[in-house]
Structures are given as structure tokens and as C-alpha cells.
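> sequence plus the predicted model coming up.
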Amino acid sequence: MNLSIPLVMAQAAPAAGGNPLLTFLPLILLFGVFYFMMIRPQMKRQKELRALIAGLSKGDEVVTNGGIAGRVDEVGETFLSVEIAPGVLVKVQKGAVSQVLPKGSLKSV
């Protein structure tokens with residue numbers, strides 16, 4: 001009876017470790033999925049928005065983040081003057097522009 005207890009205690013635990021690459025492989029794959037599904041598309045959108053803002057010129061029809069649509073009247077270094085109605089000018093930051101509309105879009109509204 002007492003012989004079986006020391007035999008069970010004498011059994012060694014399996015060796016921990018193994019290949020460290022296999023240990024971190026799921027984490028590496030998860031990071032790869034996050035990069036291609038979330039980080040990369042966000043960086044692409046930011047790059048497109050920076051190019052859109054840098055290319056603004058007088059006469060462009062824009063929509064701001066607040067939903068105000070108008071025609072660019074004046075382009076400054078950090079601000080734009082947007083005409084939202086005849087004779088009504090609003091100053092907005094360049095970063096507040098969310099999209100540029102095709103020419104003539106405001107006439108149809």
C-alpha cells in the first residue's frame with residue numbers, strides 16, 4: 001500500500017516550455033488580424049482625409065462633421081470660410097470638413 005504513493009509522487013511533471021514560437025504563435029496571429037482588419041484601414045482613411053483637406057480650394061462644395069453643407073469661399077492656413085446660404089459665411093476649421101461633394105450638389109438640395 002505504501003509503495004504506490006511514493007511511485008505517484010515520484011512521477012515527474014511534463015517538461016514545461018517546448019518551442020517558444022508555438023507559445024506566442026496565437027498572439028502573433030491575433031496581432032496580424034488586428035493590423036489588417038483595423039489598424040491598416042484606419043491609417044488609409046486618415047491619409048485620404050489629410051489629402052482631401054490639403055486639396056481644398058475656393059468653390060469646392062463641402063460637408064462638415066456637424067452636417068453643414070456649403071461652398072468654400074476662402075481658404076486659410078487652419079480655417080475655411082464656408083458660405084452656407086447667400087451672404088451667410090461661417091468659419092470652420094479645416095479638420096471639421098468630412099467630405100467634398102461633387103460640383104453642383106448644393107443646387108439639387
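Perfect, I can see it now. Just so it is clear, the model here is predicted, and its values are computed rather than measured.
> contacts and neighbour counts: CA atoms only from here.
Fine.
> now do the residue nearest in space to the middle of the chain, the pLDDT please.
With distances taken as C-alpha atoms, centre = their mean, the residue of the chain nearest its centroid is Q42 (2.7 Å). Among the per-residue scores, Q42 shows a pLDDT of 94.
> try the one 4 residues further on
According to the predicted model, the pLDDT of Q46 comes to 92.
> after the helix or strand hosting it, which helix or strand is next? Please name it.
Q46 is part of helix 40-54 when elements are defined by DSSP states H and E. Remark: after helix 40-54, the chain's next helix or strand is strand 61-64, criterion DSSP H and E.
> per-domain residue ranges of this protein.
18-54, 57-109 (automatic domain parsing).
> most tightly packed of the ones you listed?
domain 57-109 (a mean of 15; mean count of other C-alpha atoms under 10 Å).
> low-confidence ranges in the protein?
Within the chain, the stretches with pLDDT under 70 are 1-17, 109.
> from V75, how far off is P41?
Distance, P41 to V75, using C-alpha to C-alpha, to the nearest Å: 29 Å.
> what do you get for S81?
Counting by C-alpha to C-alpha, the gap from S81 to V75 is 7 Å.
> do I53 as well
10 Å.
> now do K47
20 Å.
> before we move on, what about V88?
To V75, V88 is 16 Å away according to C-alpha to C-alpha.
> now do the helix holding Q46: which elements does it pack against?
Other elements packing on helix 40-54 under the criterion 3 or more C-alpha pairs under 8 Å, 6 or more residues apart in numbering; DSSP states H and E are strand 97-101.
> contacts for the strand it packs on, please.
Strand 97-101 is contacted from outside by 49, 52-53, 60-65, using C-alpha atoms under 8 Å, 6 or more residues apart in numbering.
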